[in-house]
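*Asks:* predicted model, plus sequence, below.
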Amino acid sequence: DAYSCIEAVTSDLNLLLKEPNVFLFDNENTSLNKGVGRLYGRADEIDSLHDAYGRVMSSNKSEAVLIGGYSGSGKTQLALSLPQSELFANGLCISTKFEETASEPLAVLLSAFDEMFVLIAEKYTEQERHSIYQALVSEFDGHFYLLVRTVPNVLRLASSMHSIINDAVEENEINFFSMCEIIKRLMRVVSSQLSSSTMLIFLDDMQWADSVSLGLIHTVLSDPDNSILIKRWEWDIDEILAEDITLNVLDLISAKMNELSEDIRAALKTASCFGIKMHDSFVHDLSQHPDYSSLRPNLMAAIDDGLMELDSDESSFRFVHDKVLEAAYDMIRPDSKDKFHFDIGMVLLASYEKNTIQSTSTLFVILDQINHGILLLQDEAQHISIAKLNLQAGMESLRRSNYTSAYNFAKSAVSLLPDDSLWTKHYDLCLKLYMLLSRAAFSYRKINEAKDAINIVINHANTLQDKLDAYTIKKMIIEVDCNPDDANQLIVTMIGLLNSLGEHIPCDEEARRDISRQVDIATKSFQLESDGILLHVHEFSSEKSDAIMQAYFILVSLEIIAKPQLYAYHGARWSQFCLKHKVASNSLRGIERDLQGRLSNWSVGTEDVKSK
């Protein structure tokens, strides 16, 4: 309170920096009195935040507020001033922080939405929680299990636990487009149920967010049925570089680190490769190797020097600030960083392979280190070994809807298999890796890469089932890309395949003339079957019927895009095949509703199709 303005504070701080011998001295009894958490000279910015909050409350429309400034200028404290104010007493605030080296940025964002239900469970009454839960169950209907997989804490709102996971669909993949729809509908329901409150989402360090996370944020913000205030901070790098060098926090921290012993600096460099914090288990495993034997005591010394701290549960060593992490990482020469990461990863991998209990999350971290220097792998045996581990990590990432990591693991693995001859020597590995790359690239919204990868699979696949699995992924890509030419090409391929399997699909003109008759046959077939038969059809009776079902599924799905006039004909043929051979394209419980629903739609459109 001794200063009347921020300029006076800045002036005195500059004097301290420029002439420390005059203004700074050692005295154990000297302390700086400051108001903890208090903001100085930010009245206008606080008013702007309050105005934005008022607009969201009055208009029920989402709004984003961007806070810019160089590191250490108080952006985070300014952002947190709103949820700490009386104005926000009835609001709900969730927050998350992105990190430069985080391997799962989307998981970071989803964890914030998941944490929202912990806050709701704590803040709202049982009746209000029940109301929100029932509204979500109603909104997602039979797909509520997808919501639970995305944000498991939603079950905290349930008055009693019950099974909502359908075993037949539990492992279904949630791609980016499904994820956006899930979160959009989730926030729409929560926003409507908490109509007297405003949701505040605070996103820190968004410069490290990946494109998938940004796409999800855009989906939430652009939904007109949500009333959410999103705050983020960023910096203008040109403005920072224009500042006086004495204000460059990074240079000051780097200067301090240069005064440390070589051992402490080596420990800081090692820790910086893990991001803002390094779990104690990695410290333990590395310390068993001669090159890192003094890691722990030197990290403790870094804590004494004020550069690191232990988490509250002492499970991790954490850098006290992003700029400390950045300065530590910058101590590694640019031309040595890949090898620095690689060496850490290989030491950790040797320890990981000895463990009887192997955590997938640990494998993610290890591979992130190795993949930095993946070109340093020497022989084919190493290539294959690391490619298999990347495949394992990529599949698990995709299952967790962590598309960024799945894509990166797949790309790293594929880079180890540049030679087409490896398809002969390691067919299963190549097949799975390129399938993974296509699915991950598709979910990561890299459509052209997804196309290229799946075309490689189609060209090399040597079994009918492998080709059909690849065609199914290609169908998904075409549906999103909405490319009629690609759709028509795959339709021709599927008709040729069905003919080779004995289905005898006629030419387009003949099929158009036969639509009404085929729909009538399928409808009458349903009427002749009892409910019991429809509900107890076999999943697949043979590999051939499996292939025919999959081919029909691809064909009918693509005709919606490219040949809607033939959708009814091939759909009716598909249904007849189901009933004749007692095979199902869906779960046993849903077969009747699924097929009869399709037939109803085809029958309604028959006259329109015939007239066209």
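*Replies:* Noted; the coordinates are in hand.

*Asks:* mind listing what Asp481 touches?
*Replies:* Shown in contact with Asp481 (Cβ atoms under 8 Å, 6 or more residues apart in numbering): 447, 451. (C-beta placed from N, C-alpha, C; glycine too.)

*Asks:* please apply the same query to the one 10 residues further on.
*Replies:* By Cβ under 8 Å, 6+ apart, the residues touching Ile491 are 555, 558-559, 562-563.

*Asks:* what sits up against stretch 153-160?
*Replies:* 114-118, 120-121, 126, 129-130, 132-133, 136, 147-148, 161.

*Asks:* identify the residue nearest Tyr427 in space, chain neighbours excluded?
*Replies:* Leaving aside its chain neighbours, Tyr427 sits nearest to Asn462 (7.2 Å; criterion: Cβ to Cβ, 6 or more residues apart in numbering).

*Asks:* meant to ask about Leu376
*Replies:* In space, Leu376 is closest to Phe342, 5.2 Å off (Cβ to Cβ, 6+ apart).

*Asks:* how many other residues sit next to that neighbour?
*Replies:* By other Cβ atoms under 10 Å, the residues close to Phe342 number 19.

*Asks:* which element is it on?
*Replies:* Element membership for Phe342 (DSSP states H and E) is helix 337-354.

*Asks:* which elements pack onto the helix or strand following that helix?
*Replies:* Of the helices and strands lying after helix 337-354 in sequence (DSSP H and E), the nearest is helix 360-372. For helix 360-372, the elements it packs on are helix 337-354, helix 380-399, helix 403-414, judged by 3 or more Cβ pairs under 8 Å, 6 or more residues apart in numbering; DSSP states H and E.

*Asks:* what is the burial count for the residue nearest to Tyr427?
*Replies:* Asn462, neighbours per other Cβ under 10 Å, totals 10.

*Asks:* which pLDDT value belongs to it?
*Replies:* Looking at Asn462, its pLDDT stands at 91.

*Asks:* that one in helix, strand or coil?
*Replies:* Counting by DSSP: H, G, I helix; E, B strand; the rest coil, the backbone at Asn462 sits in coil.

*Asks:* and it, how far from Ser421?
*Replies:* 14 Å (Cβ to Cβ, to the nearest Å).

*Asks:* got the residue ranges for the strands in the stretch 201-350 of the chain?
*Replies:* Assigned by DSSP state E, counting those that start in this stretch, the stretch 201-350 of the chain shows strands spanning 228-234, 277-279, 308-310, 316-319.

*Asks:* mean pLDDT lowest where, among those?
*Replies:* Minimum mean pLDDT among the strands of the stretch 201-350 of the chain: strand 228-234, a mean of 57.

*Asks:* Glu509: neighbour count?
*Replies:* When neighbours are defined as other Cβ under 10 Å, Glu509 has 8 of them.

*Asks:* okay, who's weakest in the contacts of stretch 153-160 by pLDDT?
*Replies:* Comparing those by pLDDT, Met161 comes last, at 47.

*Asks:* now the two most distant members of the contacts of Ile491.
*Replies:* The span of those, defined through Cβ to Cβ, is set by Leu555 and Ala562 at 10.5 Å.

*Asks:* for these two, indicate the residue with more neighbours.
*Replies:* Looking at Leu555 and Ala562 with other Cβ under 10 Å, you find the greater number of neighbours at Leu555, namely 27 against 19.

*Asks:* so who does the more buried one touch?
*Replies:* So Leu555 contacts 491, 494-495, 498, 570, 574 (Cβ under 8 Å, 6+ apart).

*Asks:* for the helix or strand containing it, list every residue counted as buried.
*Replies:* In this structure, Leu555 sits in helix 543-562 according to DSSP H and E. Using 16 or more other Cβ atoms under 10 Å as the burial criterion, the residues of helix 543-562 that qualify are 545-559, 561-562.
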